[in-house]
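Peer 1: Generate a structure from the sequence data that follows.
(2 chains)
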Amino acid sequence: DAKTTQPTSMDCAEGRAANLPCNHSTISGNEYVYWYRQIHSQGPQYIIHGLKNNETNEMASLIITEDRKSSTLILPHATLRDTAVYYCIVRVADSGYALNFGKGTSLLVTP
Amino acid sequence: GAGVSQTPSNKVTEKGKYVELRCDPISGHTALYWYRQSLGQGPEFLIYFQGTGAADDSGLPNDRFFAVRPEGSVSTLKIQRTERGDSAVYLCASSLGTSGRNEQFFGPGTRLTVL
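Peer 2: As a prediction, the model looks like this:
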């Protein structure tokens, strides 16, 4: 799987949009961008994934650049409960592939 | 509905002892994964089952680690002759096992402490 690079930590004020960047310059054509998050003392939780087009669900939006070498996860109105470690993972979508988590970005949402 | 469950939630053992960690996946999920997470690190892959068979065990650190899934549902991770370096949170995940979204659902983990 392609390697990803994320900032170690970020802060965001409650109610504001949190924009979490991820670089994946060696991504292959059949690899998707997945985002998971891990709240303290819990297992990781799936957020969203995409291939080329921007994606949105009830949790977040995913913006992928046209060259697919980077992406941004957007939490439109961050709450204190969004404080977590966010992992950007690049991998083939077919079943059977393990997730390569890396160290992720520790997001702190402040009051 | 019930999510992935793991037992025990915490396990303290002494160096050299044998431990078993259990994972109950979501009903109907054919794929099951084990990961290990050390303090301050992201989860690291250990082994993946598709049905009853281990499809990929490349993440197991050595032959002290072994996992089974005899009926294609519950899985047990077994660690022999535990060492202090085995202390970590052991996470289990399951997925439907089909192509496409293939979201992995994680359990809360078992925190293993080897004294």
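
Peer 1: Tell me where chain B has helices.
Peer 2: Remark: no helices are assigned in chain B by DSSP state H.

Peer 1: Pull out the buried residues from the helix or strand of it with the lowest mean pLDDT.
Peer 2: Lowest by mean pLDDT, DSSP states H and E among the helices and strands of chain B is strand B:53-56, with a mean of 88. Buried residues in strand B:53-56, counting neighbours by 16 or more other CB atoms under 10 Å in any protein chain shown, are found at B:54, B:56. To be clear about C-beta, it is placed using only N, CA and C from the backbone, and glycine gets the same treatment.

Peer 1: swap in stretch A:10-21?
Peer 2: A:10, A:12, A:18, A:20.

Peer 1: wait, isn't the first one in contact with A:Thr110?
Peer 2: No. Taking CB atoms under 8 Å as the contact criterion, A:Met10 and A:Thr110 are not neighbours in contact, 11.0 Å apart.

Peer 1: Any idea how far stretch A:40-53 is from the middle of the chain?
Peer 2: Put simply, stretch A:40-53 sits 6 Å off its chain's centre (CA atoms, centre = their mean, to the nearest Å).

Peer 1: Can you give me the end-to-end span of stretch B:6-23?
Peer 2: Stretch B:6-23 has its terminal residues 5 Å apart, counting by CA to CA, to the nearest Å.

Peer 1: quick one: it near chain A?
Peer 2: No. Figure legend: stretch B:6-23 not in contact with chain A (CB under 8 Å from any CB of the partner chain); closest approach 8.5 Å.

Peer 1: got the contact list for that stretch?
Peer 2: Residues from elsewhere that reach stretch B:6-23, judged by CB atoms under 8 Å, 6 or more residues apart in numbering or on different chains: B:4-5, B:24, B:32, B:34, B:74-84, B:90-92, B:94, B:107-115.

Peer 1: and the nearest residue to B:Gln6 once chain neighbours are set aside, how many residues sit next to it?
Peer 2: Spatial nearest neighbour of B:Gln6, excluding adjacent residues (CB to CB, 6 or more residues apart in numbering or on different chains): B:Gly107 at 4.1 Å. B:Gly107 sits with 23 neighbouring residues when counted by other CB atoms under 10 Å in any protein chain shown.

Peer 1: So B:Gly107 is in contact with B:Gly3, correct?
Peer 2: Yes. Taking contacts as CB under 8 Å, B:Gly107 lies within contact range of B:Gly3: 7.0 Å.

Peer 1: A:Leu108 bridge partners, please.
Peer 2: A:Leu108 has the following beta-bridge partners by DSSP bridges: A:Asp11.

Peer 1: Now do B:Glu71 against chain A, distance only.
Peer 2: Remark: distance between B:Glu71 and chain A (CB to the nearest CB, to the nearest Å) = 20 Å.

Peer 1: If you tally nearby residues, what's the number for that residue?
Peer 2: The burial count for B:Glu71: 9, using other CB under 10 Å.

Peer 1: and what of the one 5 residues further on?
Peer 2: A total of 14 residues lie near B:Thr76 under the criterion other CB under 10 Å.

Peer 1: Next one, pLDDT for it please.
Peer 2: Looking at B:Thr76, its pLDDT is 98.

Peer 1: May I have the beta-bridge partners of it?
Peer 2: What pairs with B:Thr76, by the bridge criterion (DSSP bridges), is B:Arg22, B:Val68.

Peer 1: Might you report the residue contacts of it?
Peer 2: B:20-23, B:67-69.

Peer 1: Compare these and tell me which has the most neighbours.
Peer 2: Neighbour max across these (other CB under 10 Å) = B:Cys23, 27 neighbours.
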